[in-house]
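Q: how would this look folded up:
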Amino acid sequence: AMEQSPERDRQRRVLSRDPDHASGRENRPREGAGCPPSLGPARRPSWPAPSSSPRRLRDAAGEWTWAWRTPPWRLERGEVPTRPPWLAPAVALLAAALTAAPPVAAATARRGAPLLWRVEWYGRRSHLFGTVHLPLDLDAALGEEGRAALADAKRVFLEIDTSPDAALTFLLQALHRARLPENESLHALLRPTAWTRLTTATKGFLPPELLDRLEPWFVALAVVHLAVPPGRPVPGIRAGTLPLDQQIGERARARGIPIEGLESILDHLQVLSRMPRKEGVEMVEEALANPAANRDALATLVGAYIAEDDRPLLKAFGKLARHNPALAERLLYRRNQAWCERLMLWLRDGRMFIAAGAAHMFGDRGLVTLLRERGYLVERVRPTAASPSTSVRTRG
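A: Numbers count the residues shown, from 1 in each chain. Predicted coordinates:
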C-alpha cells in the first residue's frame, strides 16, 4: 500500500474529532471525488419532503438546518448528517417572520388604479406589477386587468422562485452564512437595551444563547415583523395569508404557468448576506427602538399601497435613496439593471407577467424608466371608470 502523506494523515486526525466522523455517521464520498476519506460506513438519511405549508416547514426545521456546519462537498451531493445542529430553531424564527401576520383588521378603503403597468412592444403586451412582500388581498391589489393578465400569462416572473423547494433551498443557504465567527456574538454588537428588546421579541422562537450566534443581517430579516407590538394589528394585513409574491406564484402554478426568477436564490441571498455588519446592526436596533413607530410606519405604507396612493411610497423610496444611497444601489438599482436585461429576452413575445417590489418601479433607475429607455411603451393602468390610460412618468 502507498504510504500516507503527512498532509493526508493530518486530515484524517482532524476529521476524527468530528462526532459524525468518529461515530461513522458521515456520508462517504464517491471514488475520485477529491473529498476527505471516510472513517466509517456511509449512510444517507432521507431528505424531508417539500411542503407548501409554512407550518410543515417549521416542523421540519430540525431536519434541514444542518447546512452551516456541513462541508461544501457534502452539500453539493445532497448528503446530510443524521444529527441536526443547534441552529434548527433559527429556521423557525425566520419562517415565523416570513409567514406570520397580525390579526386582520378593517381594510383601508380602496380607490382604483393598482401599481400595474402595461408594457408593449409593437402590439405585444405584457404587465409589470409592483408588490409589497406582505400578506394582503391579491385580487384587490391586482385589480380587474391585473387578474386577467395573470390568468392569461404565458410566463410569470417573480424576484425569486417562491416554490416550496426553492424556499427550502433559500433557508439552507441562508443558514449556511448566518453563523457568527466563534469569537463574536450578537449581544456584543448590539446596545444592551436593543439586546433586551430582541430577546423579548423572539421569545418562544429562539433561545437567547442561540440568537447570540446569528449574523445581524439574518436577524434583521425577521425582527422588522416580529417587533410590531401585539394587540395593534396593521389594517389590511390578512392573518394566515401568504405574501403577495407567493400568492402570485401559487396561482400561476395552479394554472400550469411557468415561473421564472428575476434572479437566482444565490444572487438574492448575496444581496442580503453581504450587508455590512454595521448596517445590519443599525437595522435591528432601529426596528427595536420604537415598535409603535415601526408599526405605524408599516401601517402607513400598507394603507398607501391598498389605497393606491403613490405619495407615501415615493416618499419612503426617496428617503432611502437620499439617506442610504449605498443600500439603494445594492438593493434596488443594480438589481433593476440586471432584471431589465433578463426581461429583454422575453418581453417581445408578449403576455409576460412580472411582479417585483414596488420600490423597484420608481425613479430614474426604476424598471418603468429602464424599459422606456429601451423602446418599450410603458403605461400605468387606470381604473375603467377614469379616463383612458396615459403614460405616467415616475417621480422620486
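
Q: and the helices in the stretch 251-396 of the chain?
A: Secondary structure of the stretch 251-396 of the chain by DSSP state H, counting those that start in this stretch: the helices cover 265-273, 277-289, 291-306, 310-323, 325-328, 334-343, 367-373.

Q: residues contacting residue 377?
A: When the contact criterion is C-beta atoms under 8 Å, 6 or more residues apart in numbering, the partners of residue 377 are 118, 119, 120, 121, 391. All C-beta atoms are positioned from the backbone trio N, CA, C, and that covers glycine.

Q: among those, who's most crowded?
A: Comparing those by number of neighbours (other C-beta atoms under 10 Å), residue 119 comes first, having 22 neighbours.

Q: tell me which helix or strand the nearest residue to that residue once chain neighbours are set aside sits in.
A: In space, residue 119 comes closest to residue 126 once its chain neighbours are excluded; the distance is 4.6 Å by C-beta to C-beta, 6 or more residues apart in numbering. Here residue 126 sits within strand 124-131, counting by DSSP states H and E.

Q: please name the strands paired to the helix or strand hosting residue 157 in the sheet, noting orientation.
A: In the assignment (DSSP H and E), residue 157 maps to strand 155-158. Within its sheet, strand 155-158 is paired with strand 259-261 (parallel), strand 352-357 (parallel), according to DSSP bridges.

Q: want to throw those strands into CSV with mean neighbour count and distance to residue 209?
A: Output for the strands paired with strand 155-158, formatted as CSV (neighbours: other C-beta atoms under 10 Å; distance: least, C-beta to C-beta, whole Å):
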stretch, mean neighbour count, distance to residue 209
strand 259-261, 17, 36
strand 352-357, 23, 35
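
Q: okay if I get those as JSON lines plus distance to residue 135 and mean pLDDT?
A: Formatted as JSON lines, the strands paired with strand 155-158 follow (distance: least, C-beta to C-beta, whole Å; pLDDT from 0 to 100):
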{"stretch": "strand 259-261", "distance to residue 135": "19", "mean pLDDT": "95"}
{"stretch": "strand 352-357", "distance to residue 135": "15", "mean pLDDT": "98"}
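
Q: Provide a list of residue ranges in the stretch 101-250 of the chain with pLDDT below threshold.
A: Across the stretch 101-250 of the chain, the ranges flagged by pLDDT under 70 are 101-113, 224-231.

Q: helices of that one, start to end?
A: According to DSSP H, counting those that start in this stretch, the helices that the stretch 101-250 of the chain contains are 138-152, 164-177, 186-189, 192-201, 208-211, 216-226, 244-254.

Q: elements contacting the fifth one?
A: Using 3 or more C-beta pairs under 8 Å, 6 or more residues apart in numbering; DSSP states H and E as the contact criterion, the elements in contact with helix 208-211 are helix 88-99, helix 192-201.

Q: and the nearest residue to residue 370 once chain neighbours are set aside, what is it in contact with?
A: In space, residue 370 comes closest to residue 340 once its chain neighbours are excluded; the distance is 4.4 Å by C-beta to C-beta, 6+ apart. By C-beta under 8 Å, 6+ apart, the contact set of residue 340 is 367, 370, 371, 374.

Q: and the pLDDT at residue 310?
A: What the model reports as pLDDT for residue 310 is 88.

Q: quick one, which of the contacts of residue 340 are buried?
A: Buried residues within the contacts of residue 340, counting neighbours by 16 or more other C-beta atoms under 10 Å: 367, 370, 371.

Q: from memory the first one sits against residue 339, does it?
A: Going back to what we said before, that points to residue 367. Yes. Contact criterion C-beta atoms under 8 Å: residue 367 and residue 339 qualify, at 6.7 Å.

Q: who touches both of those two?
A: The contact sets of residue 367 and residue 339 overlap at 356, 360 (C-beta under 8 Å, 6+ apart).

Q: correct me, but residue 132 touches residue 298?
A: No. Using C-beta under 8 Å, residue 132 makes no contact with residue 298, being 9.7 Å away.

Q: out of those two, which sits in the busier spot?
A: Each of residue 132 and residue 298 has its neighbours counted (other C-beta under 10 Å); residue 132 has more, 23 against 19.

Q: ok so, going back, okay if I get the strands paired with strand 155-158 as TSV plus distance to residue 277?
A: Listed next are these as TSV, based on distance: least, C-beta to C-beta, whole Å:
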stretch	distance to residue 277
strand 259-261	28
strand 352-357	24
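
Q: for residue 187, find the nearest of the ones you listed.
A: strand 352-357 (31.6 Å; C-beta to C-beta).

Q: kindly export the strand holding residue 157 (C-alpha atoms) in PDB.
A: Extracted as PDB, the C-alpha positions of strand 155-158 are listed here (Å, rounded to 0.1, in the frame of the first residue of the first chain):
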ATOM      1  CA  ARG A 155     -44.900  33.100 -18.100                       C
ATOM      2  CA  VAL A 156     -44.700  34.700 -14.700                       C
ATOM      3  CA  PHE A 157     -41.600  36.400 -13.300                       C
ATOM      4  CA  LEU A 158     -41.000  36.900  -9.600                       C
END
